[in-house]
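J.: Whatever this is, show me its structure:
(2 chains, ligands or ions: 2)
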Number of protein chains: 2
Amino acid sequence: AQRPTVSGFGRLKEAWNTAIGHSPSRFAIGVFTLLILLFTLLFSLPIASASGTVTPLADALFTAVSVICVTGLSTVDMSTHWSAAGNVFVYVGVQIGAVGVLTLASILGMIISRKLGLRAKLIAAGDTNPMRMHHGPVAEGQAIRLGEIGSLLLTVATSLIVIEGAVALLLFPRMLIDGVDPGTAAWQSFYYSAMAFTNTGFTPNAAGLGSFSNDYFFLGILAVGVFLGALGFPVIFALRKNLFHPRKLPLHAKLTIVTTLILVVAGAIVFTVLEFDNRKTLGGMNAGDTAFQSFFLSVMTRSGGFNAIEIGDLNGSSKLVASMLMFIGGGSASTAGGIKVTTLAVLFLAAWAEAKGNPDMEAFGRRIPQDVVRVALSVVFWGAAIVAIATIILIQMTKDPLENVLFDVVSAFGTVGLSTGLTETLDDPGKYVLAVTMLLGRVGTVTLAAAVAASTSSKLYRRPEERPIVG
Amino acid sequence: AQRPTVSGFGRLKEAWNTAIGHSPSRFAIGVFTLLILLFTLLFSLPIASASGTVTPLADALFTAVSVICVTGLSTVDMSTHWSAAGNVFVYVGVQIGAVGVLTLASILGMIISRKLGLRAKLIAAGDTNPMRMHHGPVAEGQAIRLGEIGSLLLTVATSLIVIEGAVALLLFPRMLIDGVDPGTAAWQSFYYSAMAFTNTGFTPNAAGLGSFSNDYFFLGILAVGVFLGALGFPVIFALRKNLFHPRKLPLHAKLTIVTTLILVVAGAIVFTVLEFDNRKTLGGMNAGDTAFQSFFLSVMTRSGGFNAIEIGDLNGSSKLVASMLMFIGGGSASTAGGIKVTTLAVLFLAAWAEAKGNPDMEAFGRRIPQDVVRVALSVVFWGAAIVAIATIILIQMTKDPLENVLFDVVSAFGTVGLSTGLTETLDDPGKYVLAVTMLLGRVGTVTLAAAVAASTSSKLYRRPEERPIVG
Ligand SMILES: [K+]
Ligand SMILES: [K+]
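T.: Ligands and ions are numbered 1, 2, ... in the order given. Prediction:
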């Protein structure tokens, strides 16, 4: 009452600026929380379930988190529990979740650009400024210039429509050949396509991939969809521009593609070695089947979440390897989760440079600034802390073996959706723990980016330096 | 024959300089390997075993590695397998192993000081050099100045004799009160004292700590011995100088002491919460016993390795927490293993500064330079890689549960010596895998320090900078 009257629009704009500008990390968490609450409500509605009854809160919330975070874990049978309306909610939810991450990344990028504006100008004025190498302007690969936002959003929309459409068009005739009726094939081809490209991994069939688990054409297309989704939009954006000039790709795209390929191949080889004599998984297969299934599993740990072999039947060693791959996850600003492949690459390059005694980290003829290392290790530190705490709580609750609990927790954190079978046996408190893990895993890195963006505090003095011994 | 004649001493000196100066990391590994081979031979001798027979190679080697690396894991019953001569080998071996680590650290420190000499002078000449903050001279806490080496070695010898002597003198009368005969009490008090301060954790009694496992006076003294040993000689050195002026302590000592205390207290609280209703461990105890046993277990994961409760009876959650604490380990240049508490502290401070958006990491009014972060993450990266690979191999070999395999592998890597019981069931290939893990865990950080010391390559040009997206 004491303040001068402000128009409704002005107040809204003010609130918007306050929300985004002052605390982008709270804004990111707020957006995700609102979406989750909305979808919890939708999934609770009687029209959403096949039985026409209210879905219990824990299951509705878990499904909402799993959908919005494109995780793919479930506490209900996804193929039978939901009605047609429920399936539409799932379909729309994963698209919103997948695009939402990038939209937030774009908004945060805009904020970063704005905040860096003044500083970048000052630095440009003083080209010899020694701080430049550490706090210089964000390079081409990362900074989303204001003029690029439109172009970027267009790429997102285009790539979503083109890639999901293409995948659906390839799946549809194959499903007809496999004897699926045209109506079911029509909606399921789009459902599968969305679940692949958004890296969600829900399946509309009763027995997981069911009859398709030996259809290598079908599985191969799914794997391609998952792979493209997990690369991340910045890489797709860069590829669209420089597809036929790979040497011109920005460092970020090169690092993402090379690290992803190394992880997929190495994962496939390790799974083959560990499982070739396991009768329950690859033991009874011929060489071709073994190779394909190892590759498929390796790609799916990126964060696809489809499984053609039972995860619960894997050896403990394979479960641990899969957990490590899921923790790493996919590309930055992608529909995949985890700490991201570039984070691993930067940590490896740093550890390598340290072992070689090089002051600089280098990759593809470029020097990577030291401050990127600190961001990378922060991501891993908080990620490991989240996984450790969730695992300790869930083991204590369930008294289940560590390899299964760790697997499902990392699957939730990395928004992968593969499960040893533990998730569906959880009681309500366990479901809530896993739901929080999914949410933190999904918004964690977005939040971190926001925290970096919010870094405007500049100190007038620096404390004296002292060097502790480490290691 | 073509070269001019060199005196025997000259040649020896040349070989010495080549070995240490050119590749200190190989030198460190070489010293440890020679010691291990020597003690493998000693433990193989018939006079070393109580039965007067030759101990199998796998067991002799495993014991030698466990002794020289002050780990405390065993594949034979340490209380009955060895003769008096064998026990003397164990006693002498752990003292050599414990002092050996620091001696190597001193030599490496000397090399670092020498190599930095020219560079430090150049930097001092150009005080405004922007590189100073990142590659400045090693600060007081870390650099072992040439003149200090003598003083340092004196501290090592003094602290070893004084602390082990004091601990033995406290244990001896207590053992007499407990009804042990004077002869046995005399040698066992020194044996226990050495096993505590060197953080080895072997026990001369048939049933582990046997009759002492409820003697809180006895256990308390052991815990103090372990705690002091795990702080590390640089901290003991600093404490001797500034015991009554804690604010004057170097940053390294403050970080080590505070982080260690936080870990001990937090560990004790977590163990209490996770085990208070576990009938096999703390479940049947009153509040006082529960508190003491939780503290004792927490201190022992630092890398002491004595256990008053059966590790195999702990809940999976507690085993995971203990594994995490063992991975962290004790202080730098101490008899404890692991990645070291200061490494964790630096990573936490870096992750904290990143989340707060601060360009500098600060602790106790000091700024910690960025290059320390890279060393810290390298230690963790290689450590995690060693633990992961050893765990995957051993799970695949034994098909045992992840919580037990991970526990024993981390116990080996962190030279802790606690065991879920897995180690004694291993076949020969399994013993070799664990022996390699112990050796890598022990020399890993020494080697890394050496690699850093060897870092003299200075490039004439720097590559253009580019910043990948991480997280
Ligand atoms: K997923
Ligand atoms: K030990």
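J.: Spell out, range by range, the strands that occur in chain A.
T.: For chain A, applying DSSP state E gives strands covering A:361-363, A:366-368.
J.: Most tightly packed of the ones you listed?
T.: Of those, the one with the most neighbours on average (mean count of other Cβ atoms under 10 Å in any protein chain shown) is strand A:366-368, at a mean of 22. Just so you know, the C-beta spots here come from the backbone N, C-alpha and C atoms, and that holds for glycine as well.
J.: That strand near chain B anywhere?
T.: Yes: with Cβ under 8 Å from any Cβ of the partner chain as the criterion, chain B is reached by strand A:366-368 at A:366, A:367, A:368.
J.: Save those residues as CSV, and put in distance to residue B:253 and pLDDT too.
T.: Converted to CSV, the residues of strand A:366-368 next to chain B look like this (distance: Cβ to Cβ, whole Å; pLDDT from 0 to 100):
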residue, distance to residue B:253, pLDDT
A:366, 40, 81
A:367, 35, 81
A:368, 33, 81
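J.: got the residue ranges for the helices in the stretch 251-400 of chain A?
T.: A:251-275, A:287-299, A:316-328, A:341-356, A:370-398 (DSSP state H, counting those that start in this stretch).
J.: taking those together, which one is wrapped up most tightly?
T.: Among those, ranked by average contacts under mean count of other Cβ under 10 Å, first place goes to helix A:316-328 (a mean of 25).
J.: name the helices or strands packed onto that one?
T.: Here helix A:316-328 touches helix A:251-275, helix A:341-356, helix A:402-413, helix B:370-398, helix B:402-413, going by 3 or more Cβ pairs under 8 Å, 6 or more residues apart in numbering or on different chains; DSSP states H and E.
J.: Between those, which has the poorest mean confidence score?
T.: In terms of mean pLDDT, the lowest-scoring of those is helix A:341-356 (a mean of 84).
J.: can I get the helices and strands packed on helix A:316-328 in JSON lines with distance to residue B:160?
T.: Compiled in JSON lines, those are given as follows (distance: least, Cβ to Cβ, whole Å):
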{"stretch": "helix A:251-275", "distance to residue B:160": "45"}
{"stretch": "helix A:341-356", "distance to residue B:160": "32"}
{"stretch": "helix A:402-413", "distance to residue B:160": "38"}
{"stretch": "helix B:370-398", "distance to residue B:160": "26"}
{"stretch": "helix B:402-413", "distance to residue B:160": "24"}
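J.: Residues of chain A that sit close to ligand 1?
T.: Within reach of ligand 1 by Cβ under 5 Å from the ion, chain A has these residues: A:72, A:199, A:200, A:201, A:303, A:305, A:416, A:417.
J.: And the furthest pair within these?
T.: Taking Cβ to Cβ, the two most distant members of those are A:200 and A:416; they sit 9.9 Å apart.
J.: which residues are common contacts for those two?
T.: Listed as contacting both residue A:200 and residue A:416 by Cβ atoms under 8 Å, 6 or more residues apart in numbering or on different chains are A:71, A:72, A:305.
J.: Output those residues as JSON lines; include the columns neighbour count and pLDDT.
T.: Listed next are the shared contacts of residue A:200 and residue A:416 as JSON lines, based on neighbours: other Cβ atoms under 10 Å in any protein chain shown; pLDDT from 0 to 100:
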{"residue": "A:71", "neighbour count": "34", "pLDDT": "87"}
{"residue": "A:72", "neighbour count": "28", "pLDDT": "85"}
{"residue": "A:305", "neighbour count": "29", "pLDDT": "77"}
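J.: Need the nearest residue in space to the residue of the stretch 351-471 of chain A found nearest ligand 1, chain neighbours excluded.
T.: As assessed by Cβ to the ion, ligand 1 sits closest to residue A:417 within the stretch 351-471 of chain A, at 3.8 Å. Nearest non-adjacent residue to residue A:417, counting by Cβ to Cβ, 6 or more residues apart in numbering or on different chains: residue A:72, 2.4 Å away.
J.: The one you found and residue A:414 touch, don't they?
T.: No: Residue A:72 is beyond contact range of residue A:414, at 10.7 Å (criterion: Cβ atoms under 8 Å).
J.: before we move on, the earlier item: distance to residue B:247 for the helices of the stretch 251-400 of chain A - can I get that in JSON lines?
T.: Shown next, in JSON lines, are the helices of the stretch 251-400 of chain A (distance: least, Cβ to Cβ, whole Å):
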{"stretch": "helix A:251-275", "distance to residue B:247": "45"}
{"stretch": "helix A:287-299", "distance to residue B:247": "54"}
{"stretch": "helix A:316-328", "distance to residue B:247": "41"}
{"stretch": "helix A:341-356", "distance to residue B:247": "32"}
{"stretch": "helix A:370-398", "distance to residue B:247": "28"}
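J.: Give me the below-cutoff pLDDT ranges for the stretch 101-250 of chain A.
T.: Low-confidence segments of the stretch 101-250 of chain A, defined by pLDDT under 70: A:101-153, A:155, A:205-208, A:210.
J.: Which parts of it are helices?
T.: A:132-135, A:146-177, A:182-197, A:216-231, A:233-242.
J.: And chain B, is the last one touching that?
T.: So that's helix A:233-242. Yes: using Cβ under 8 Å from any Cβ, helix A:233-242 reaches chain B at residue A:234.
J.: Sort out which residues of that helix are buried, please.
T.: Applying a neighbour-count criterion of 16 or more other Cβ atoms under 10 Å in any protein chain shown, one finds A:233, A:234, A:235, A:236, A:237, A:238, A:239 buried in helix A:233-242.
J.: Skipping adjacent residues, who's closest to the second one in space?
T.: Same thing as residue A:234. Taking Cβ to Cβ, 6+ apart, and ignoring the residues beside it in sequence, residue A:234 has residue A:333 as its nearest neighbour in space, at 5.4 Å.
J.: these two touch, right, that neighbour and residue A:231?
T.: No: at 9.9 Å, residue A:333 does not count as touching residue A:231 under the criterion of Cβ under 8 Å.
J.: Could you identify which of the helices of the stretch 101-250 of chain A is most buried?
T.: Stretch with highest mean neighbour count among these: helix A:216-231 (a mean of 22; mean count of other Cβ under 10 Å).
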